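In: Take a look and give me a structure for this.
(one chain, ligands or ions: 1)
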Amino acid sequence: MIKAIIFDLDDTLYNFKAAQRAGADAWAAYAKEQFQLPEEQTRREIEALIAEQAEKMGPIAASHNRVLRAELWLAKRNLPVFPHATALAERYWQALLDAMVPQEGAVEMLRDLQMRGFLIGIGTNMTAYVQYKKIEKLGLGDIVDFIVTSEECGVDKPLRHFFKYSAKKANETLARAGRAERIEMNEILFVGDSVKHDLEGAHAAKMQALLFDPENAHPEEEERIQRFSELPEVLKRLSAEM
Ligand SMILES: [Mg+2]
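Out: Coordinates of the predicted model:
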């Protein structure tokens, strides 16, 4: 039986790609205002930095840190780090937070799962501060029982430690609520949009896993939903199989 459901955050509970465009626009606007740089060029440069930062820092939360990304960009352009790295990161995140809205049906689904007694977690590759801000912005603060960021556990998904740590935190959360039962790995369902990070990572750690695929990008995957309204059906089937 599934007892806990852990959701990825970015591009699962809200559309990250759309919100990120707003963040990149704010970064580019700052670069134009401060350094007279064309906005389209800045947008291309910061896009290219994502892979470079991941390569440089490896599968840890720092690889997503926007202050560090701004520092990389400023260094390439031979511009001063202070005060621009934090100014860029602040503008980027504020614009992104302002633009983000919950995925269709996400809040209703989470409330339904909460009412049915599932433990609800978030498991996300990112630094803690901004992910907590996103949860508040999405209005999910009173629904989410626990969150694991890669900053807290030390590694990004799909590394197994992330999922082991998440199961441990699920059990600590239950214990704190005075509930005596224990959740095993295969009683946790991990839901996310990434085949590699969410689906394969969770499977390798012996959790149940489900791909959230609203754009129908992975029709080859058996364990997937395209809308959150399909989740109750999946839960029913998984529970029957166990
Ligand atoms: Mg994601």
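In: The ion contacts on this protein?
Out: D8, D10, D11, D193 (CB under 5 Å from the ion). For every residue, glycine as well, the C-beta is placed using N, CA and C.
In: same thing but 8 Å
Out: Applying CB under 8 Å from the ion, we find that the chain lies next to the ion at 8-12, 16, 124-125, 192-194, 197-198.
In: Restricted to helices, list those.
Out: Those of the residues of the chain next to the ion mapping onto helices are F16, per DSSP state H.
In: how about the residues of the chain next to the ion in CSV, adding pLDDT and neighbour count?
Out: Conversion of these to CSV gives the following (pLDDT from 0 to 100; neighbours: other CB atoms under 10 Å):
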residue, pLDDT, neighbour count
D8, 98, 24
L9, 98, 23
D10, 98, 21
D11, 98, 20
T12, 98, 23
F16, 98, 19
T124, 98, 31
N125, 98, 27
G192, 98, 26
D193, 98, 26
S194, 98, 19
H197, 98, 21
D198, 98, 28
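In: Specify which member of the residues of the chain next to the ion is nearest to N216.
Out: D193 (12.1 Å; CB to CB).
In: what's near enough to touch that closest one?
Out: Under the criterion of CB atoms under 8 Å, 6 or more residues apart in numbering, the neighbours of D193 are D8, D11, T12, L211, F212, D213, P214.
In: Repeat the analysis, applying 6 Å as the threshold.
Out: By CB atoms under 6 Å, 6 or more residues apart in numbering, the contact list for D193 reads D11, T12, F212.
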